[in-house]
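Asker: Give me a model of this one.
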Amino acid sequence: MASFPKLIQNFQEELICSICTDYFKDPMSIECGHSFCHSCLFRSWQEASTPFSCPECRSVSQARNFRANARLGKLAAIAKTLRPHCLQNPGGHSKCETHQKVHKLFCEDDQSPICVSCSESKEHKAHTLRCIDEAAEDYREKLQESIADLQRKTKDVEQQMANEELKLTLLEQEIKTQEESISSEFQKVQRFLDEEKNEYLSIVQRQGKAHLKGLKKRIRGLSLQNQKLRKRIRESMEVCRKPDVDLLQSLQDMKAMLKRNDSVIRKEVEMFHINTIVCSIPGILEMLLKFKVDITLDCDTAHPGLIISEDLKSVRYGGAQAEVPNNTRRFSDFAQVLGTQSFISSRYYWAVEVPDNTGWCVGISNGPPTPEVFFVLMAIQSHSGCHLYAIGKHDLSSVPHVKCCQNCVSNLMVGIFLDYEHGEVSFYNVRERSLIFAFPMTSFSRPLQPIFCLSKKVLPNDCSLMICP
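Answerer: Model prediction:
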């Protein structure tokens, strides 16, 4: 049969909230029968990103059916009142072996509990002594702080796991999109490129699997870290519930536990970075060059701040000009200019050298004064770098479709392909021989012209946009 001190200890443990590890305060019971402090339960419910599960048995509760447990609260208050009395002599092993008296003091110099007679001896007379319950409470508070840090770290790791799971989903979607894009490109070059198509699809799959493998490894690392954190929490909570003397008699073990806890808290899992999957498509440029057209800039549609070269092949932004002929066909809100050529049928291809250190935009439009139809590739500078966006608008009433494609690379040459009959507009990285973005097929019913624009920010160095010969 259990001893009286053990029974008291068991009684007290049943009246402790498993969330805050302190005696119940305004306890509330949930559907599964477990009880928690009202504030702890409310906070856990608010922080739950999924249906709330019991912190002890993990059973799921869809509704917030909390029931106040007044009797449990009264018992917890009684246990809290009894605690100082129970600490005076929690068990027979807590007596001094020399004087057979109860340990009531704690020697800071020797880091051990002693009795009153020991404190009067020469060995301890000059030492720093404290009441044993006060010393135990200090170390208990340190353990509770460590537990709180572990709990916060656990939440951070779980959030990171959720973020990486989202990355995993997005990566799978990107792989699928890349496969579809490559399949579409190989359809353009007919059957003689079928073997190359399969080869490059396998490249994407291999790269995608490598990325998935790295990301899954990252998630497994986070899961393992989460398990270690939870293990440290459980072990720390078990030590924290020990009687003062037991707790202090294993002080070295407890300090080692605090050190291990701190090591787990500080440990970071290496981030996994995903690189954009890019595959060059053999023969694509050779095919597109069959439809190459000579594009020149239309000065009559140029923004006042644009400076166009004499050969009508390059443009840069130089700021608003003092004297500019009034022309209703001119773009007035943006630093834009149209190409002279107009397309109403057939297929066309042209390439543009774009600047690295400013924003730009290239594509097609139905022309001024207000473009109702446009399909463009745009580079936007921000504090995080330069990003490419594909923006399309089918008619005056439609909403522009915006899609972030990828990070913009330096020394970029953009190839633009227009298939008027099939309603296709595609953009290519000429130097990498890869697809940047292809708009979903649509139908055209009005003339289209090339469009070019530059950021209005005036830079000291030349930021020219040049149509390739």
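Asker: tell me the SS of Met466?
Answerer: Put simply, Met466 is strand when judged by DSSP: H, G, I helix; E, B strand; the rest coil.
Asker: Point out where the stretch 301-450 of the chain drops to low pLDDT.
Answerer: 320-334, 368-371, 384, 395-401, 403-406 (pLDDT under 70).
Asker: if we go to 50?
Answerer: The model of the stretch 301-450 of the chain has pLDDT under 50 over residues 322-333.
Asker: Also the stretch 1-150 of the chain?
Answerer: Per-residue confidence of the stretch 1-150 of the chain (counting by pLDDT under 50) places the weak regions at 1, 87-93.
Asker: can you do 90?
Answerer: Filtered on pLDDT under 90, the stretch 1-150 of the chain yields the residue ranges 1-145, 147-148.
Asker: tell me the strands in it, going along the chain?
Answerer: 27-29, 35-37, 52-53, 60-61, 67-68, 105-107, 112-114, 129-131 (DSSP state E, counting those that start in this stretch).
Asker: wait, which of those is closest to Ser263?
Answerer: strand 112-114 (26.0 Å; Cβ to Cβ). In short, each C-beta sits where N, CA and C put it, glycine included.
Asker: now for that closest one, which elements pack on it?
Answerer: Under the contact definition 3 or more Cβ pairs under 8 Å, 6 or more residues apart in numbering; DSSP states H and E, strand 112-114 sits against strand 105-107, helix 244-249.
Asker: Buried residues, that strand. List them.
Answerer: The neighbour-count check on strand 112-114 (16 or more other Cβ atoms under 10 Å) flags 113-114 as buried.
Asker: one step back: deepest in the core, which of the strands of the stretch 1-150 of the chain is it.
Answerer: Most buried of these, by mean neighbour count (mean count of other Cβ atoms under 10 Å): strand 35-37, with a mean of 24.
Asker: Give me the sheet partners of that one and which way each runs.
Answerer: Note on strand 35-37: by DSSP bridges, its sheet partners are strand 27-29 (antiparallel).
Asker: Give me the pLDDT value at the residue nearest the centre of the chain.
Answerer: Nearest to the mean C-alpha position of the chain, by Cα atoms, centre = their mean, lies Asn163 at 4.7 Å. On the pLDDT scale, Asn163 is placed at 89.
Asker: So it lies in a helix, does it not?
Answerer: Yes - counting by three-state DSSP, Asn163 is found in a helix.
Asker: Against Thr177, how distant is it?
Answerer: To Thr177, Asn163 is 21 Å away according to Cβ to Cβ, to the nearest Å.
Asker: If we go by neighbour counts, what in stretch 357-374 is buried?
Answerer: 358-368, 371, 373-374.
Asker: Dump those residues to JSON lines, plus secondary structure and distance to Gln12.
Answerer: Shown next, in JSON lines, are the buried residues of stretch 357-374 (DSSP: H, G, I helix; E, B strand; the rest coil; distance: Cβ to Cβ, whole Å):
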{"residue": "Thr358", "secondary structure": "coil", "distance to Gln12": "70"}
{"residue": "Gly359", "secondary structure": "coil", "distance to Gln12": "68"}
{"residue": "Trp360", "secondary structure": "strand", "distance to Gln12": "72"}
{"residue": "Cys361", "secondary structure": "strand", "distance to Gln12": "71"}
{"residue": "Val362", "secondary structure": "strand", "distance to Gln12": "74"}
{"residue": "Gly363", "secondary structure": "strand", "distance to Gln12": "74"}
{"residue": "Ile364", "secondary structure": "strand", "distance to Gln12": "78"}
{"residue": "Ser365", "secondary structure": "strand", "distance to Gln12": "78"}
{"residue": "Asn366", "secondary structure": "coil", "distance to Gln12": "80"}
{"residue": "Gly367", "secondary structure": "coil", "distance to Gln12": "83"}
{"residue": "Pro368", "secondary structure": "coil", "distance to Gln12": "82"}
{"residue": "Pro371", "secondary structure": "coil", "distance to Gln12": "76"}
{"residue": "Val373", "secondary structure": "coil", "distance to Gln12": "76"}
{"residue": "Phe374", "secondary structure": "strand", "distance to Gln12": "74"}
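Asker: can I get those residues in CSV with distance to Arg140?
Answerer: Formatted as CSV, these follow (distance: Cβ to Cβ, whole Å):
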residue, distance to Arg140
Thr358, 62
Gly359, 60
Trp360, 64
Cys361, 64
Val362, 68
Gly363, 68
Ile364, 72
Ser365, 72
Asn366, 75
Gly367, 77
Pro368, 76
Pro371, 71
Val373, 72
Phe374, 68
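Asker: The stretch 301-450 of the chain: strands as residue ranges?
Answerer: 306-308, 314-317, 336-338, 347-353, 360-365, 374-382, 385-393, 401-407, 413-419, 424-429, 434-438, 449-454.
Asker: Can you lay out those strands as a markdown table showing distance to Val264?
Answerer: Listed next are the strands of the stretch 301-450 of the chain as a markdown table, based on distance: least, Cβ to Cβ, whole Å:
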| stretch | distance to Val264 |
| --- | --- |
| strand 306-308 | 60 |
| strand 314-317 | 55 |
| strand 336-338 | 57 |
| strand 347-353 | 53 |
| strand 360-365 | 49 |
| strand 374-382 | 37 |
| strand 385-393 | 35 |
| strand 401-407 | 35 |
| strand 413-419 | 50 |
| strand 424-429 | 45 |
| strand 434-438 | 44 |
| strand 449-454 | 53 |
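Asker: thinking again about what came up before, can you lay out the strands of the stretch 1-150 of the chain as a markdown table showing distance to Cys299?
Answerer: Output for the strands of the stretch 1-150 of the chain, formatted as a markdown table (distance: least, Cβ to Cβ, whole Å):
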| stretch | distance to Cys299 |
| --- | --- |
| strand 27-29 | 77 |
| strand 35-37 | 75 |
| strand 52-53 | 67 |
| strand 60-61 | 69 |
| strand 67-68 | 80 |
| strand 105-107 | 91 |
| strand 112-114 | 93 |
| strand 129-131 | 89 |
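Asker: how about those, which one is nearest Pro243?
Answerer: Proximity to Pro243 (Cβ to Cβ) singles out strand 112-114 among the strands of the stretch 1-150 of the chain, at 10.9 Å.
Asker: Sheet-wise, list the partners of the closest one with their directions.
Answerer: Here, using DSSP bridges, strand 112-114 pairs with strand 105-107 (antiparallel).
Asker: Just the residues contacting the strand it pairs with, thanks.
Answerer: 112-116, 118-119, 124, 127-132, 134-136, 248 (Cβ atoms under 8 Å, 6 or more residues apart in numbering).
Asker: same thing but at 6 Å, please
Answerer: Residues outside strand 105-107 that contact it (Cβ atoms under 6 Å, 6 or more residues apart in numbering): 113-114, 119, 124, 127, 129-130, 132, 135.
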